[in-house]
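Enquirer: My questions concern the predicted model and sequence given below.
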Amino acid sequence: MALLDGLFEQYAWLLKNMSAFRIFLWWFVVGALMALAVIMLQGGIREIMQAQGSLWEVKLVEVFTAIFGGGLLGGCIALILDRIRKS
């Protein structure tokens, strides 16, 4: 019976934290798309298309890092604001 209680507690914890994961995931995608939009507006995609040599060394890594960073920023800010709202 103790095993079932432990599993129930873990399942309850997972359900409680799934909402936080969904919030993070949604705003991660929104932040990444916003970063991609800014890069596109500034002509970053055109620079990649016109780059000479190996793209993997410099340009694509810079762009993917910026997009990933925008997603992390959006997701983390959303989690912080959600926690403030709940308290």
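Expert: Structure's in. What do you need?
Enquirer: Could I get the full set of helices for the protein?
Expert: Counting by DSSP state H, residue ranges of the helices within the chain are 2-41, 44-50, 59-86.
Enquirer: and the spatially most central residue of the chain, what is it in contact with?
Expert: Nearest residue to the geometric centre of the chain (Cα atoms, centre = their mean): Phe28, 2.9 Å. With Cβ atoms under 8 Å, 6 or more residues apart in numbering as the criterion, the residues that contact Phe28 are Gly71, Leu72, Gly74, Gly75. Just so you know, the C-beta spots here come from the backbone N, C-alpha and C atoms, and that holds for glycine as well.
Enquirer: who does the lowest-mean-pLDDT helix or strand in the chain touch, helix- and strand-wise?
Expert: The weakest-scoring helix or strand in the chain, judged by mean pLDDT, DSSP states H and E, is helix 44-50 (a mean of 76). Contact here means 3 or more Cβ pairs under 8 Å, 6 or more residues apart in numbering; DSSP states H and E; on that basis helix 44-50 packs against helix 59-86.
Enquirer: count of neighbours near Trp27?
Expert: Per other Cβ atoms under 10 Å, the neighbour tally for Trp27 reads 22.
Enquirer: can you pull the contacts of it?
Expert: Under the criterion of Cβ under 8 Å, 6+ apart, the neighbours of Trp27 are Gly74, Gly75, Ile77, Ala78.
Enquirer: and what of Glu62?
Expert: Neighbours of Glu62 in contact, by Cβ under 8 Å, 6+ apart: none.
Enquirer: Give me the pLDDT value at it.
Expert: The predicted local distance difference test score for Glu62 is 83.
Enquirer: cool, and Ala12?
Expert: Ala12 is assigned a pLDDT of 66 by the prediction.
Enquirer: hang on, Asp82 packs against Arg22?
Expert: No: using Cβ atoms under 8 Å, Asp82 makes no contact with Arg22, being 10.4 Å away.
Enquirer: Among these two, which residue is more densely surrounded?
Expert: Asp82 (15 against 10).
Enquirer: distance of the closest residue to that one other than its chain neighbours from Val38?
Expert: Leaving out its chain neighbours, the residue that sits closest to Asp82 by Cβ to Cβ, 6 or more residues apart in numbering is Ile23, at 5.4 Å. Spatial separation of Ile23 from Val38 under the definition Cβ to Cβ, to the nearest Å is 23 Å.
Enquirer: Brilliant, that's me finished.
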